Every structure is written in C-alpha cells, then in structure tokens.
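[1] coordinates only, sequence not included:
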C-alpha cells in the first residue's frame, strides 16, 4: 500500500479504485455477527466458489459486508448494479442466484423479500417497507463496504471530509460547523458535541485526548457494534476530524470485549489507515499528527460512564468519580479529554461534507439529524433502524417494525436501556427526540427500543433491570449498592408470590432515595424502570401481590404449564422437546405434564403446533393437581 | 585483618591439605565476603580472581569444596567446573551465579555441581551449602541431591528411570522455570514452593495428574504472560489489557499468572486481585473445555432467555456460572452480546445459535463430549489477530 501524502493522492486513489471496479458486478453479502449466526460464511463461500465455477472471476466482486440493518432476514445479498436483494439465503440457493442474476441479469423471484401483508415480492432492498421509511445516512454505507476494506470506504468518498477539514478549514471552522449543526451525543446524554469539543479545546493542559466510547453496555442496543463491524472507518474519520478541531494527537477506541468482530475489524481498520498514512504522522501531508489505540472493556456496565471509562483506560477499576470538574477539562490522566459515542463520531464526516445546514434540515427543533435504534423484542421486523428525529414511536413500531407477531397485543416499548423507561400504548404518538422522550418519562439512551407484547410481564421486566443494575453497581455509593439490592429483594418477592401490601410504596420510597443520593447516572436513573412500570402498569404489581397471579404468564413461581387434553393432537413434539422428560403419553393418546418434573422452561409451549395450541399457562397456580381437569 | 590479605595473595602457593574451600570469582567483594564468612566458621579458605588462577590453586591445594562463579573474564565457570571434575571428581563444586543465568546454573548441576547460590546470598546460606559439601566429600553427592530433590518429583510411570535421571528430569523442568528469570535465593525453598503451587494447580485443573506436568503447565503459562507483558511494553496502565489477553489465551487467570504479572509490572498483588474481581470478563476459576454463553440482554430476555437458561442447565446439569465436574462445560449467562434481533441467543465456543431447540442443545453437548475424548481441547474463543 502506498502512503498518501496529499489530497491529490487520495483523489487519485479514489479514481483508480472507481476505474478498477467500473463495469463489474458486485455481490454484497451480510457477514456480520448476525449473519454469521445464520451461517453467512457458508453463503459467502458458496458465492465465491460458484462465481469461479461459472467462470466469472474477475468480472464480479464479492464483498463481505457488515449488518445492513434487517438482521432477521440475514444472510442477504445485494447484487449491484441492479440492487437486487435476496434475503434469508442458504448455500444451496447460490448457484441459481449466480447463473440467473449475475449471468443473465434475471431476478430469482423466490429469493426476494416477501411482504407479509400482501405477499408482494420486492426486488430492491431500499423498497422493502422496513427500509424505505428510514433515512439511512450513518448506516447507509454499511451495505456497500467490505468490512475489512479501506479501499471500499475511500471509493465512496471516505476520508474526503477529513481532507476537506484539514486543507480547507481551520480547526475553529470545523468546530463551528459541528456546533452549528447542533449534533447531540448519541450515547444517551444528548449533550451537544460541539460544546464538548469547545470545552476540551479551551481547557488548559496538554496533551488532549479524544475517545470513542464503544462500551455499548445497554442490553438490547447494538448499533455501535454494527457500525464498528461494518464501517469502522467512518468512526475513525469522525474521530480524526474531532481531534483536529480540538487539537488532540492521541485517541482511544474503547470497545467491549463481548464484541469480538467489532474489535477485530476496528483493529484492521486502524492498521490499514496507518498504512495509507491516514493515521500517524503528517496525515495527508497536512502536518497534523494523530494516533489511536484500542482499549478493550472487560465487562463492566458502569465502565461506559465517561469518568469510569477513563479510569479503566488508565488501568484502574472502572469506577466513576465525582464530576465537579468535567472530564472534558480533566479527564484521562487529568488532561482535557473529549469522549463521544460511536454514532456521534460517525455523524461528523457527514456534517463536514454536507454542511451544518443540511444536517439541521433533518430532525426536530432541538434534536437534529437521524438516530439509529435497535428495534427488537416482540416485533415482526427486528433490526437496526435509522430514522429522522421526530418520527413517532407508532411509525417505528407499526410501519417500519410491522407490528407485533402472531397477532398479539402491544403492551409497551422500552427505550433508553436500564436507565430508561417504559412507554405504554397511550404514549405511542410521542415524537422520538431527546427532549420529548424525557418528557414522556423515558429517555433516548443509546437507542435500544424493546417492544413488549401481552406476554411480557412488567413486574418481571422491572425485576430484570433492577437485577442487572444491582449487579452492575460498582458499589461506591451506598444508596445505589444497598438500595438496589433491597429493591431487588422486594421485586424478587413479588415475582415469586411472596409480595405483601406496602411493597409498591416501599419501592417508590427507595427509588426516590437512590435517585437523590447516588453519584453517577447509573444510580440516579436506576429506579426508572421500576417507577415507570409502577406508573403505567400498577395493576400488574397488584395482581402479583394480591392474587399471586402473573397476568402475562411469565413469573415461574406463579404459573404452571398444562396440556389441554381436548386440544392435544397427540403429535408428541412437546415430549421430544422437554429437557427433563416431564411429558408423557396417557392411554387416551394425549400428552400430560408431570408437574413435579416441570422446570417451566416453556419449550413445550414453543413447539406446540399453531393449529393445536394445547399447551396453556395457568396463573395463579391451581391449588391441586386435579385442577387440570378444570381447564 | 588486612595483613592476612597481603600474606595470602589470591593466587599464592598453597600446600595440599591446607585449604578446605577455594572461592573463584572475579568480583573482589564476593571473594572477600566469602572468605571472611567461611573463616569465621573455622574453614580454611583461599580465593582466586579468575578461572586460570583458580584451577592452579585447586591443583595445588586440593580443597574439598570449590565455589565457582559462572561468569568470569577469560576461562568460563563451566570450563572450570569441567576441569575440576577431570582433575578430581570427588571435589564438591558449588556454583555462584548472578540474576538471569540461573538456567545455566541448572545445567551445571547436571554435570555435578552440588548447589548453586544466587547473588546476593546470605552468609548463612553459604555456610549451609559449604557444610553440606564438606560432609559429602566423596562421590555419594549425587545420591544426596536425589534425596533432596527427588521426592517432590515423581517418576513417570511408564519409563523406569534411575534416580539420577529423575533428578535430571526434575531439574530440566525447574531449569525451564528458572530460565524465566526468577530472582530466588533459595533453590530448594523455591522448589518446595513450586511443588505446592503445582499440586494446587493440578488439583484445580483436574486434567493434570502429575506434578511434573503441572510445573510444565505453569512454566508454559508464565512464558505466555511474559510474551503478553512484553507486547504491552511493560506498561502498567495496560494491566487490564494484559489480564484480558491472558484470559483469552489460557481461558482463565491462574493464581501464578496473577503473581507473575504483579512481579513483572511491580504492581501490588492486592490491586491486581481487585481488578480481576471487578471485571466480569476475568475468571479466577478454571473453566471447562467448552464455553457456553447465553445472552441475557433485554431483547433476549423478553423472548425467553430465562427458559433457554433453564433448558441448557437441565441438559448439562450445571447452573450458570458453574463448570461441570469433568471440566467439559462452563455455562455463563452473559450480558447483551448485541445480537438482539436473533434472541434468545446461545454462543458455544464462539459459534452463535439463534433460539436453539432442545434437540440442538443435546446434539451440541454430545459433540463436545466426543471432541473431549480426542484430548485437551479448550474452547476456541480467540480473536484472529
């Protein structure tokens, strides 16, 4: 690889790359972590082999890309230039796709996405309803870039924004542009990035540091993983531009070790950027030096907090410290440090390239641009969605997400991770932006959006988050450490049928105390899940406490699985799937669950055929075993 | 006291039988220190400042014990030892060595040295060793060493080895250990310490039956730790990264590795324990050959991760966080793995499974058992760097 010594070198490289790929067909196969789960590597290999077998080597480029967003339908392949999109591919589908589409230019109908509403087949990825309602800016390039290729990024004008910043703008102008765009932190806080940069730039002390926070600890959010896996250079470019504006020459990327592929691809990206001279000394001949190192997080949620994260990079325990002085003034090794989330950095190149005015044209008054959400849980179309700020929750859940599977009833959507809140159906028309979500009693957070249906127990959800937070509390502040533990005990009692009158009030009281007396955001926001479930679903709490009943049929101690003899068709699938062999056949050729052996894992209910639906959950538990007859 | 020095210059003529101990070392302070210590104990000592003079002195005075420094200008300590053994094999030799050359010291023990002293050594240690040498006098010395060193190292069951070979084999293992550059003054103390460590290690791992194997395993781990620390340039702030690397490669962080990191980076052990306990990704208990992780992120949770945990638990017979008695599986309920669209997700040795059926879990468990029979097979959750 030749080092790039000037903007002209970068331009020339881009032209060469475009010329080299001109007239060639391209197959982009999703091969991120989600794709790999569905054996995308086999599909990728099948494509390479088949292309060679049919004598197309040299005429077709095969790219192993990161996640495109619609993770549920992966592995999928986009064939360019027609943009034909095949979903849920298996290796055996590949020969046909190659001979029909790549050779003859025809479309293989059966491999296309089928709209579940009207059974229409959709050819282009961008026309699939899941995608066509989104504004994919930050995630948009994921599908055209080979995860390990810097050339693919450069061919798509990558590092063009960096070149523009370095040669056509002063650091002050870059800063002004970002401030003007009102880019707010995508990690959850929503703090204006421009302001943060300005503070670090003006703070006394050298060296100054910049950090990419990819310690995406919020359960249910994975946009940072997807970005780092699929398009790490966009993050690096943003970081470089930020460093130039701030006057920093050293940066860190803090990635959780639970994301092996993101780590690997970031490492590769840094290596390749160094080879091109886009990192290191005298970048593009501009005289600007910048280096970046990776730091792996060792599995502590609280380490995602800025001061804790910096403490971890210093080699200490990742505990937060009081922020009387902001980390942007005194951060890493007590030097001015600017920390932003992956998605925030990835937005920067777009702002520099297209200008603040363009960025401001998207979104609401105080929340500009787009936001990526991970739309997951009980929803038909699961995946990553990038939408302009201001879109309503209803649009996301029903229009993009396609509603709730199996005709179940929507119950709530949880946003903002463990610090966020739960929003019931009545709040579905809330526009999604930083301020509106906070007003509604939840928060934007890093963008997790977990949809829950009638079969999700709200008390259990509150218990789940409290358990998570009690476990992740670093223990520095007593209210957080002990208070959460007490709340967890109460919630455990309620979900196991040992709840008593006054528990709800006690939970509320403890919540207030923890919010008041904790140091960092983890503690301050920890009671949110409990408070918002009590606010919107108090009846569920009461059912647990007063009737020993879990209305959603989730809390194990309060439910029992039974097979309805009248509905049982005797197929025996349940017995086969039972890990404890608790299901046996009676002489009436129907199946019955032996309650003493049942561990309530629910596998029988899962495999019971739709037409029978014989496995039922009863709550509260029947008093005697003979109750089966009563159902 | 100065007069004595002047009367008996270092290579002065000595009558046979008038000297008990000859000290050959190029460092004056060591020579003098040894002589004074030994004479205070009633031994007759003579000193020489290089190999040639030393050999001459040995030939003339015919002592019972010779202390030899390994690193000297001119003729090396190894050669001196070989010449002495040629001249009279009954002369007991003790090696003096500096930090870093301990593995060669072990080599010398193979060719017959009784003991070795690592500089700086305490006077008591010198006296103890010389006394031992004086008592030995004649060829029985090897058998004596055997009594010291053999019990800790059991002979391999298959090949019947004679005592000397057992000692040599043990020393070879220890040599490897010492070649790591450990600064230890008491060879035998260290041997006993390593013994205890090896026994503990073997017990923890279960897969190791012989102590010798355990020591080799420890040595292997420590070498690995050294490589890792070197990669991070001995930077103290890379501690977490170093521990993560050890975790990735060894699959857990054994006690000896923690102590080694502490020694090498000069960080108090307590702080290292503190960090190792704080982070979830660091395991201080050995893990099974296969790692099974179940994601408990919110998306997986609402789609029934708890049920999946129950199923896997009941099939494997272990609870999350546990390793089975055969050290075949470790089951972990982990934080969000970021595959939220596919929940509930199970990861076996780095392979992702979306919502696996009971049958699939049983098949995976069975195939792991088969691969176990092919030998020690650690989970392959390594990064491809």
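    Done, it's in. Just so you know, these numbers come straight off a predicted model, no measurement behind them.
[2] what is the burial count for the residue nearest to residue A:228 when sequence neighbours are not counted?
    Closest residue to residue A:228 apart from its sequence neighbours, by CB to CB, 6 or more residues apart in numbering or on different chains: residue A:262 at 4.0 Å. (Each C-beta comes from the backbone N, C-alpha and C, glycine too.) Applying other CB atoms under 10 Å in any protein chain shown, we find 30 residues neighbouring residue A:262.
[3] how does chain B divide into domains?
    B:2-139, B:163-278, B:290-373 (automatic domain parsing).
[4] wait, which of these is closest to residue A:590?
    Proximity to residue A:590 (CB to CB) singles out domain B:290-373 among the domains of chain B, at 20.4 Å.
[5] tell me if the closest one is near chain A.
    Yes. Using CB under 8 Å from any CB of the partner chain, domain B:290-373 reaches chain A at B:296-299, B:301-304, B:306-308, B:310-311, B:314-315, B:334-343, B:345, B:350, B:352-354, B:357-359, B:361.
[6] one step back: which of the helices or strands spans the residue nearest to residue A:228?
    Take DSSP states H and E as the rule and residue A:262 turns out to sit in helix A:260-275.
[7] what sits up against that helix?
    The contact list for helix A:260-275 (CB atoms under 8 Å, 6 or more residues apart in numbering or on different chains) reads A:1, A:3, A:32-33, A:36, A:66, A:147-148, A:150, A:214, A:224-225, A:228-230, A:232-233, A:235-236, A:253, A:255, A:257, A:279-280, A:292, A:294, A:296, B:350, B:381, B:383-385.
[8] longest helix anywhere in the chain?
    Here I'm looking at chain A. Using DSSP state H, we find that the single longest helix of chain A is helix A:528-547.
[9] oops, chain B please
    helix B:211-231.
[10] what's the helix or strand following it packed up against?
    Scanning forward in sequence from helix B:211-231 by DSSP H and E, the next helix or strand is helix B:239-250. Contacts defined by 3 or more CB pairs under 8 Å, 6 or more residues apart in numbering or on different chains; DSSP states H and E place helix B:239-250 against strand A:291-297, helix B:211-231, helix B:255-265, helix B:269-278.
[11] count the residues that sit near residue 69.
    By default, I'm working from chain A. 31.
[12] chain B was what I was after
    Residue B:69 - counted by other CB under 10 Å - has 26 other residues nearby.
[13] thought it was touching residue B:27?
    Yes. With contacts counted by CB atoms under 8 Å, residue B:69 reaches residue B:27, the gap being 7.2 Å.
[14] of the contacts of helix A:260-275, just the buried ones, PyMOL syntax please.
    To isolate the buried subset of those in PyMOL, counting by 16 or more other CB atoms under 10 Å in any protein chain shown, use the following:
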select buried, (chain A and resi 32+33+36+66+147+150+214+224+225+228+229+230+232+233+235+236+253+255+257+279+292+296) or (chain B and resi 381)
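[15] which of the contacts of helix A:260-275 fall in strands?
    Taking DSSP state E as the definition of strands, the contacts of helix A:260-275 contribute A:214, A:253, A:255, A:292, A:294, A:296.
[16] okay, the helices and strands packed on helix B:239-250 in JSON lines with distance to residue A:62 next?
    Output for these, formatted as JSON lines (distance: least, CB to CB, whole Å):
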{"stretch": "strand A:291-297", "distance to residue A:62": "28"}
{"stretch": "helix B:211-231", "distance to residue A:62": "34"}
{"stretch": "helix B:255-265", "distance to residue A:62": "42"}
{"stretch": "helix B:269-278", "distance to residue A:62": "43"}
